[in-house]
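> Predicted model and sequence below, questions to follow.
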Amino acid sequence: MCGVIGLTYEHDKSDLGQVASRLLRMLEYRGYDSTGAIVQDSHGTITLRKDVGSPTELTARLGIDRLTGRTFCGQVRWATFGVVSQANAQPHEMRCKTHLYGAHNGNITNCLPLKEWLIAEGHDVKSDNDGEMLVHTVEHFFALELQYQEANDPAVRERALRQAVLKMARRVVGSYAAIVVDPVTELVVAIKAGSSLYVGQGHDPVGGAFVVASSDLASVLQITRLLIPMREKEFAVFTPTRFAKYDLKTGKKLRHACQRSLLRVEETRLQPPYKFFMEQEIHHQVQTARRLISLFTGGRPLTRLLRRHEHEQGTLYARLKDDIRQLAEITVPVDLAERVAVFLRSPAIAQLRRLVAATAEERAGETGPAEGTGAATDLGTGEGEARLESSYASFLEEMRDLAAPSDPSLVLLLPYLDAIFELEDVHEIEHRVKRFVDLVVKAHQNGNAIYILACGTSYHAGKTAPLFFNEIAGLALIPLLPGEFRAQCTNALRDGDVVIGISQSGETKDLIDVFNFIIASRRKVARICLLNNTNSTLALEKSDLFVPLFCGPEIAVPATKSFMNQLLLLYILALRVAERLARRGRSSGRAGAQPPVLDQLPRHERNLYKIPDLIARTLDTTRKETDELASFLHLQPSLHILATRLLGIAKEGALKIRETVLNHTEGFEASEFKHGPNTILGINTIFGLENLRSVLATFGAAMQMAVDSLEGRRLDARGLHRLFQAVADYAFRDQPPRFLEAHEQALFERIFREHNFFRSMYANYPLLFLTGPDETDIHLTISQVNTHKIRGAHVFIIAEDHDLLRAAAAAAPANGFPYHHGYVTLPRTDERLLPVFSITVVLQVLALKMSQRKMEVLDRLEIAEHGVHPDVPKNVSKSITVD
């Protein structure tokens with residue numbers, strides 16, 4: 001996984017290097033093995049800077065932040081083809097046949113044959129990097145196209161470059177996004193062929209008009225809100241003032257249109273008091289969970305009020321939305337300010353003012369619905385009312401900032417405008433949820449299979465989904481990894497089956513491959529995707545239906561708030577499926593037509609509204625116990641998380657610790673641990689820093705005893721050296737002593753009689769148990785605790801308070817090793833499903849705290865490139881878009 005950027009302005013910018021550095025740092029989560037940038041100014045001067053290391057390390061050291069110019073091509077690398085080296089860093093500049101530079105993100109699978117072909121054709125290939133092969137291939141065909149034409153004619157060069165890209169696409173095998181620049185015309189080509197790519201355009205006070213293309217949406221949003229959607233197998237050719245889009249297979253020119261991004265830019269920035277994006281995103285889960293529940297249950301109170309007036313005011317709502325959407329397409333701030341002023345004097349705004357006045361009493365006197373039917377929020381003072389939260393919230397805030405000095409009353413109108421857009425969101429969500437329920441219930445009643453596919457963290461949400469659908473709706477789902485699905489289910493697919501994909505980015509390559517297979521099979525299989533990025537490949541091109549997560553941008557590589565919203569959305573969808581099944585059961589009139597599990601539906605519905613506060617209480621009340629647990633565990637080389645009923649959550653907790661702490665961690669069903677994995681308990685060969693400290697302390701004590709003993713006082717310097725070497729060789733290399741004198745041999749034997757070097761390396765193995773408050777689950781967990789701790793385990797538990805469970809953890813076994821135990825006490829719910837959310841929060845915070853502590857230790861030891869970091873751990877990236 002890598003990240004690539006292309007950016008071109010009308011005029012030179014003295015701070016282009018600072019802009020480039022900021023954008024490269026925003027891509028750091030996608031790759032940090034190496035960083036590079038090419039900047040070209042209006043005089044044609046080209047500067048290339050690249051090296052091994054992350055953008056945070058390199059942009060200042062290489063002087064990227066001090067470059068000036070108007071065109072920038074940059075890349076951050078997560079190595080696939082070619083070792084991590086300066087030569088393999090991107091971008092690549094070449095002058096073999098003609099002059100060209102560029103970079104890519106992705107995986108060119110025929111890299112080696114391409115390299116051999118390019119060398120045979122006379123190209124000076126300088127690296128093993130597949131990005132160089134791609135850019136060289138474009139250069140090769142570009143030179144051939146220019147060979148018999150007027151090479152200085154800009155129109156000729158543009159046509160030649162387009163043809164070169166088409167021929168490259170036919171020659172190259174793989175999935176990628178790429179930026180290629182013709183330095184003569186400064187034409188930029190952005191190619192989307194299997195990897196994410198986002199394009200935006202805007203206007204800068206100094207640089208003038210500009211166009212930017214990037215692997216990362218948040219980086220584009222740093223400098224513009226206007227996006228030009230790019231679909232799979234398309235490429236764009238652009239200057240700052242001219243943009244065209246083409247089909248990558250046929251070369252046919254395609255239509256394009258701008259649309260304003262609906263994301264909040266501030267959500268991509270680190271806000272005080274947080275030190276890490278992971279920390280910020282964990283704490284923002286209270287807000288994002290509340291927002292998701294509100295949208296999927298009818299919206300905020302003001303939105304519901306406007307819905308009651310929709311029949312007579314629907315035309316006004318539509319006119320206001322159309323006017324604001326037209327304003328949102330304006331790129332120049334001065335023009336936008338003028339048009340906003342005109343809009344505020346329009347008849348539609350006058351009519352809205354009358355509506356505000358007419359509903360003032362209704363709004364002031366109404367409160368939110370009781371718990372169980374909606375969020376209990378006062379209409380006038382509720383937290384949800386103060387913050388604009390619709391899909392157009394960020395643009396409405398931009399309008400406020402432009403117009404508030406001249407029209408303070410706009411501040412009073414904004415909540416209504418925001419609620420009008422939120423009402424549209426609510427209608428769209430209801431439509432999507434209804435389609436989801438239609439497809440799933442039909443498949444269930446026809447006996448079809450319902451698969452749920454995902455990778456990484458999203459897979460753990462998918463692994464938890466069957467718990468919700470079983471407990472709430474009495475319906476079975478089949479959770480699988482895409483690779484498992486390809487191996488186990490492709491020949492068993494039937495018309496009427498449903499495949500539900502989960503992806504935060506909407507660009508997960510393994511999931512796209514499965515959806516492509518289903519499309520190619522021509523089976524009538526419904527393809528549904530739950531995702532956060534609604535402008536993604538899975539949303540726009542591969543799914544019959546997508547349902548948004550509404551969690552906002554997530555910057556840290558370890559997913560937290562997207563996972564929480566995945567869980568919440570799956571819980572809500574299980575509720576809606578259960579409601580449909582319950583209605584059909586009641587309408588059938590047959591005794592026993594409704595499964596008994598549906599009788600509990602009202603309780604599960606009430607519990608939905610408790611979840612945001614449960615997350616907040618968990619963050620508040622478990623802080624001290626979680627920090628104590630992190631203090632003990634952060635240097636443990638290995639850990640198992642054992643769950644009763646909550647396997648998906650155990651696996652997610654294990655992944656979070658593996659990602660952020662780089663300690664080996666596994667998540668298991670607790671009762672499964674005794675079927676082989678328990679062999680890790682007791683004496684094993686898994687050692688970490690604490691074990692090393694212990695054995696070194698034993699070695700030091702042994703040598704101190706030897707020096708202080710009567711025999712040791714007889715040793716001269718050479719004898720002491722011989723003894724020291726003999727003890728070290730025998731203890732650590734299993735080499736028997738040689739050349740010791742008799743008194744030295746006697747001292748050697750005494751050392752090993754009185755000091756057990758090997759036993760000092762061993763300690764109990766840490767087990768972390770997860771369970772809900774169900775009594776059956778509690779007693780199963782107690783049984784597992786007692787079974788494993790006598791074989792050499794430290795026991796830690798995350799659960800609601802329970803005397804027997806706490807006592808089981810506290811009782812020390814008589815196995816000779818020091819015993820440690822701990823208990824993180826969850827807020828009490830006495831519910832089977834709600835601990836899914838509270839335990840998730842504790843595990844996220846635990847991973848964060850462990851990562852911070854271990855990072856501090858390794859930094860103090862001055863261990864370079866150790867890779868422990870909560871936001872950007874080594875070897876992983878946010879969205880995997882390579883095979």
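Nice, thanks for sending it over. Numbers count the residues shown, from 1 in each chain.
> okay but residue 84 is in contact with residue 33, surely?
Yes: the pair formed by residue 84 and residue 33 meets the contact definition of C-beta atoms under 8 Å, at 4.5 Å. Every C-beta, even on glycine, is put in place using the N, C-alpha and C of the backbone.
> quick one, which of these two is more surrounded?
Comparing residue 84 with residue 33 by neighbour count (other C-beta atoms under 10 Å), the higher total belongs to residue 33, at 21 against 14.
> Would you quantify the distance from that one to residue 58?
Counting by C-beta to C-beta, to the nearest Å, the gap between residue 33 and residue 58 amounts to 11 Å.
> sorry, back to before: touching both of residue 84 and residue 33, which residues are there?
Applying C-beta atoms under 8 Å, 6 or more residues apart in numbering, one finds that residue 84 and residue 33 are jointly contacted by 52, 77.
> By residue count, which strand of the protein is the longest?
Across the chain, the strand with the greatest residue count (assigned by DSSP state E) is strand 3-13.
> So what's the gap between it and the chain middle?
Remark: strand 3-13 is offset 27 Å from the chain centroid, using C-alpha atoms, centre = their mean, to the nearest Å.
> mind listing what's buried in that strand?
Applying a neighbour-count criterion of 16 or more other C-beta atoms under 10 Å, one finds 3-10, 12-13 buried in strand 3-13.
> Tell me the one of those nearest residue 738?
Residue 738 has its nearest neighbour among the buried residues of strand 3-13 in residue 3, at 57.5 Å by C-beta to C-beta.
> surely the closest one meets residue 55?
No: counting by C-beta under 8 Å, residue 3 does not reach residue 55; the two are 9.4 Å apart.
> list residues touching both of these two?
Residues within reach of residue 3 and of residue 55 at once, by C-beta under 8 Å, 6+ apart, are 27, 76.
> can you pull out the helices in the stretch 151-300 of the chain?
Here the stretch 151-300 of the chain has its helices, by DSSP state H, counting those that start in this stretch, at 154-171, 217-221, 277-283, 285-295.
> Could you do the stretch 651-800 of the chain as well?
Taking DSSP H, counting those that start in this stretch, the helices of the stretch 651-800 of the chain run over residues 689-708, 717-733, 742-754, 775-789.
> Could you say which one of these comes nearest to residue 424?
Comparing the helices of the stretch 651-800 of the chain by their distance to residue 424 (C-beta to C-beta), the top pick is helix 775-789, with 43.0 Å.
> contacting residues around that closest one?
Outside helix 775-789, the residues touching it (C-beta under 8 Å, 6+ apart) are 642, 644-645, 670-671, 673-674, 678, 681, 764, 767, 769, 771, 795, 797, 799, 802, 804-805, 808-809, 813, 819.
> packing partners for the next helix or strand along the chain from the longest strand of the chain?
Moving toward the C-terminus from strand 3-13, the next helix or strand (DSSP states H and E) is helix 16-26. The helices and strands touching helix 16-26, judged by 3 or more C-beta pairs under 8 Å, 6 or more residues apart in numbering; DSSP states H and E, are strand 3-13, strand 34-40, helix 55-61, strand 69-77, helix 217-221.
> burial of residue 705, as a residue count?
Using other C-beta under 10 Å, residue 705 has 15 neighbouring residues.
> For the longest strand of the chain, give the mean pLDDT please.
Strand 3-13 carries an average pLDDT of 96.
> pLDDT at residue 389, what is it?
At residue 389, the model reports a pLDDT of 89.
> Residue 588 now?
According to the per-residue confidence, residue 588 scores 66 in pLDDT.
> Residue 385 too?
pLDDT recorded at residue 385 is 49.
> ok, now residue 835?
Reading off the confidence values, residue 835 has pLDDT 98.
> Now it: closest residue in space, sequence neighbours ignored.
Counting by C-beta to C-beta, 6 or more residues apart in numbering, residue 772 is the residue found nearest to residue 835 once chain neighbours are left out, at 4.2 Å.
> what's near enough to touch residue 228?
For residue 228, the contacting residues are 199-201, 236, 243, 245, 256-259, by C-beta under 8 Å, 6+ apart.
> From those residues, list just the buried residues.
With neighbours counted by 16+ other C-beta under 10 Å, the contacts of residue 228 contain buried members at 199-201, 236, 243, 245, 258.
> Let me have those residues in CSV, adding pLDDT and distance to residue 451 as columns.
Listed next are the buried ones among the contacts of residue 228 as CSV, based on pLDDT from 0 to 100; distance: C-beta to C-beta, whole Å:
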residue, pLDDT, distance to residue 451
199, 96, 34
200, 95, 36
201, 93, 40
236, 98, 35
243, 97, 40
245, 97, 35
258, 84, 37
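> Tabulate the residues you listed (JSON lines), appending distance to residue 294.
Written out in JSON lines, the entries for these read as follows (distance: C-beta to C-beta, whole Å):
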{"residue": "199", "distance to residue 294": "32"}
{"residue": "200", "distance to residue 294": "29"}
{"residue": "201", "distance to residue 294": "33"}
{"residue": "236", "distance to residue 294": "37"}
{"residue": "243", "distance to residue 294": "38"}
{"residue": "245", "distance to residue 294": "37"}
{"residue": "258", "distance to residue 294": "30"}
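> Determine which two of those residues are furthest apart.
Pairwise distances across these peak at 13.6 Å for 200 and 245 (criterion: C-beta to C-beta).
> And the strands in the stretch 51-200 of the chain, which stretches?
Secondary structure of the stretch 51-200 of the chain by DSSP state E, counting those that start in this stretch: the strands cover 69-77, 92-94, 100-108, 174-182, 187-193, 198-204.
> Output these as a markdown table; include the columns distance to residue 438.
As requested, the strands of the stretch 51-200 of the chain are exported to a markdown table (distance: least, C-beta to C-beta, whole Å):
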| stretch | distance to residue 438 |
| --- | --- |
| strand 69-77 | 43 |
| strand 92-94 | 50 |
| strand 100-108 | 37 |
| strand 174-182 | 33 |
| strand 187-193 | 32 |
| strand 198-204 | 32 |
